[in-house]
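Chemist: sequence isn't available, so here's the structure alone:
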Ligand code: B16
Ligand code: MG
């Protein structure tokens, strides 16, 4: 029986990919590195340090860890500043409606995001009250595709993986959900999240009615 839902943040509840892109772009420009939207696409759901490693690899940059951490901190400062502009208008279409339905029907809801800034994003959106638990980049050591973040969220909800459906927009996020034994809903194109149990093009299409219809024997 499904008793809970675990939501990724960026790409599912809101679209902070643009703010991440602009913050990385600013760092890359300052360093004279190549960075474009195609590379940014590879950072979907990937932790901050792993993202920087991908960008550095593209530019054949190899430096010591303290330097990498300093660059990551600079990017983060820029990103956090940009988050001040996020408002209640920035839910992805359909996300707030789904969260509202889930609360009304008494399901438990957790966040499962790689971001260390997840709580600030929820606050800016006014979404904090929708979540019974928050699992974020500060909660676990191993990031997606390891299942740890979702296992942490399920535990906080006092549910087993098989009682939860995970919503994810990243390939590594669906991998993480499957590795943890969760049911999964992919948001986005077939080539990215086609390996989820069920896939929708957008959150707008992923209504509670549609999700229940797909997993009907579990409700
Ligand atoms: P931070 P998600 C991810 O969020 C983003 O998709 C990814 O681009 C970002 O690098 C990562 O969070 C870490 O974010 O630098 O704020 O800790 O999709 O897992 O909600
Ligand atoms: Mg995501």
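Modeler: Received it, and whenever you're ready, just let me know what you need. All figures in this text were calculated on a predicted structure; none of them were measured in a lab. Ligands and ions are numbered 1, 2, ... in the order given.
Chemist: how is this structure carved up into domains?
Modeler: 4-15+88-218, 17-83 (automatic domain parsing).
Chemist: point out the most buried one among those domains.
Modeler: Scoring these by mean neighbour count under mean count of other Cβ atoms under 10 Å gives domain 4-15+88-218 as the most buried, with a mean of 20. Where C-beta positions appear, they are placed from N, C-alpha and C, glycine not excepted.
Chemist: do that domain and ligand 2 come into contact?
Modeler: Yes: against ligand 2, domain 4-15+88-218 shows contacts by Cβ under 5 Å from the ion at 8, 10, 11, 169, 170.
Chemist: now the third one. Nearest residue, chain neighbours left out?
Modeler: If I follow you right, that is residue 11. Of all residues not flanking residue 11 in the chain, residue 169 sits nearest, at 3.2 Å (Cβ to Cβ, 6 or more residues apart in numbering).
Chemist: looking at the protein, which residue lies furthest from center?
Modeler: residue 32 (28.8 Å; Cα atoms, centre = their mean).
Chemist: which residue, other than its chain neighbours, is closest to residue 115?
Modeler: residue 137 is the one closest to residue 115 (Cβ to Cβ, 6+ apart), at 5.2 Å.
Chemist: state the distance from the residue of the chain at minimum distance from ligand 2 to residue 127.
Modeler: Scanning the chain for proximity to ligand 2 using Cβ to the ion identifies residue 11 as nearest, at 3.6 Å. Distance of residue 11 to residue 127, computed by Cβ to Cβ, to the nearest Å: 15 Å.
Chemist: what's the weakest-modelled helix or strand in the chain?
Modeler: Ranking every helix and strand in the chain by mean pLDDT, DSSP states H and E puts helix 37-41 at the bottom, with a mean of 94.
Chemist: is ligand 2 contacted by it?
Modeler: No: figure legend: helix 37-41 not in contact with ligand 2 (Cβ under 5 Å from the ion); closest approach 11.7 Å.
Chemist: what is the mean pLDDT for the helix or strand following that helix?
Modeler: Next helix or strand after helix 37-41 toward the C-terminus (DSSP states H and E): helix 48-58. Per-residue pLDDT values across helix 48-58 average out to 97.
Chemist: is any part of helix 48-58 close to ligand 2?
Modeler: No: on the criterion Cβ under 5 Å from the ion, helix 48-58 is out of touch with ligand 2, staying 12.2 Å away.
Chemist: quick one, strands of this structure?
Modeler: Using DSSP state E, the strands of the chain run over residues 4-7, 108-112, 133-135, 164-168, 183-187, 198-200.
Chemist: show me where the chain dips below the pLDDT cut-off.
Modeler: The chain contains no residues with pLDDT under 70.
Chemist: now do the helices in it.
Modeler: 17-31, 37-41, 48-58, 65-83, 95-104, 118-125, 148-156, 171-179, 190-193, 208-214 (DSSP state H).
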